[in-house]
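>>> Can you look at this prediction? I've put the sequence above it.
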Amino acid sequence: MKEIRLHGRGGQGVVKASQLVVKAAVAGGSHGQFIPFFGVERKGSPVFGYLRLDDKSIRCKTQIYDPDILVIMDDSLVTLPQTYAGLKDGGMVIINSIKTMEELQIPENAGTVAMVNASGISEALFGRNIPNTAMLGAFAKVTGLVDKDILFEEIAKTFGEKNRVAAINAYEQVKIVKG
């Protein structure tokens, strides 16, 4: 089982992104679970969600304290202690950023670090910073945990064709900078 924690800000689509990953995983024959966590539920406030993906039934219904994968949709969150908390040794970090690894304070125990300018992609396509679908494209490429074609189809059905384009662009542009 892969345990994934997503970090973002209210209004960036953390919840919808997580739901789409689960839908794509289930459509592809896997099992998935999403548990949202809301703080003050205000636009711009830090939010996070938990995802579990596996090839067998998932019974655990708790928060994720030791994630295998972190998906960070807003690089300003790296200064918060909970952002990197519990990342497993050799874990993966997928981050929306154009900053250096040093600026992002990536923990040394991260085995793989992938970066994509999801904000730039979404601003170019939509005129505002909604990085969720672009980050899903990066997630599909770097992890291989969901079938990209199924995921991109779910994105298009839920949000429209421009969002599929955002995911495809991020899929093509994501760079592994460590690992």
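Okay, I see it.
>>> List the contacts of the residue most central in space within the chain.
Against the mean C-alpha coordinate of the chain, by CA atoms, centre = their mean, the closest residue is Val71 at 3.6 Å. Taking CB atoms under 8 Å, 6 or more residues apart in numbering as the definition of contact, the neighbours of Val71 are 4-7, 17, 94-95, 135, 139. Backbone N, C-alpha and C define where each C-beta goes, glycine included.
>>> Among those residues, which are located in helices?
Under the assignment DSSP state H, these contribute 17, 135, 139 to helices.
>>> pLDDT, distance to Ala156 and neighbour count for these - can I get that in a markdown table?
Conversion of those to a markdown table gives the following (pLDDT from 0 to 100; distance: CB to CB, whole Å; neighbours: other CB atoms under 10 Å):
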| residue | pLDDT | distance to Ala156 | neighbour count |
| --- | --- | --- | --- |
| Ala17 | 91 | 14 | 24 |
| Met135 | 97 | 16 | 30 |
| Phe139 | 98 | 16 | 30 |
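>>> Output the below-cut-off pLDDT ranges for the chain.
38-42 (pLDDT under 70).
>>> all strands for it, in order.
Per DSSP state E, the chain carries strands over the ranges 2-9, 31-37, 46-54, 69-72, 92-96, 112-116, 175-178.
>>> nearest to Phe126, of the ones you listed?
strand 92-96 (14.4 Å; CB to CB).
>>> Which strands and helices lie in contact with that closest one?
For strand 92-96, the packing partners by 3 or more CB pairs under 8 Å, 6 or more residues apart in numbering; DSSP states H and E come out as strand 69-72, strand 112-116, helix 132-143.
>>> circling back to that earlier point, nearest to Arg128, out of the strands of the chain?
Ranking the strands of the chain by proximity to Arg128 (CB to CB) places strand 2-9 first, at 12.6 Å.
>>> And for the closest one, what's in contact with it?
Looking at what lies outside strand 2-9 - CB under 8 Å, 6+ apart - the contacts are 14, 17-18, 21, 43-54, 64, 66-74, 77, 83, 131-132, 143, 145.
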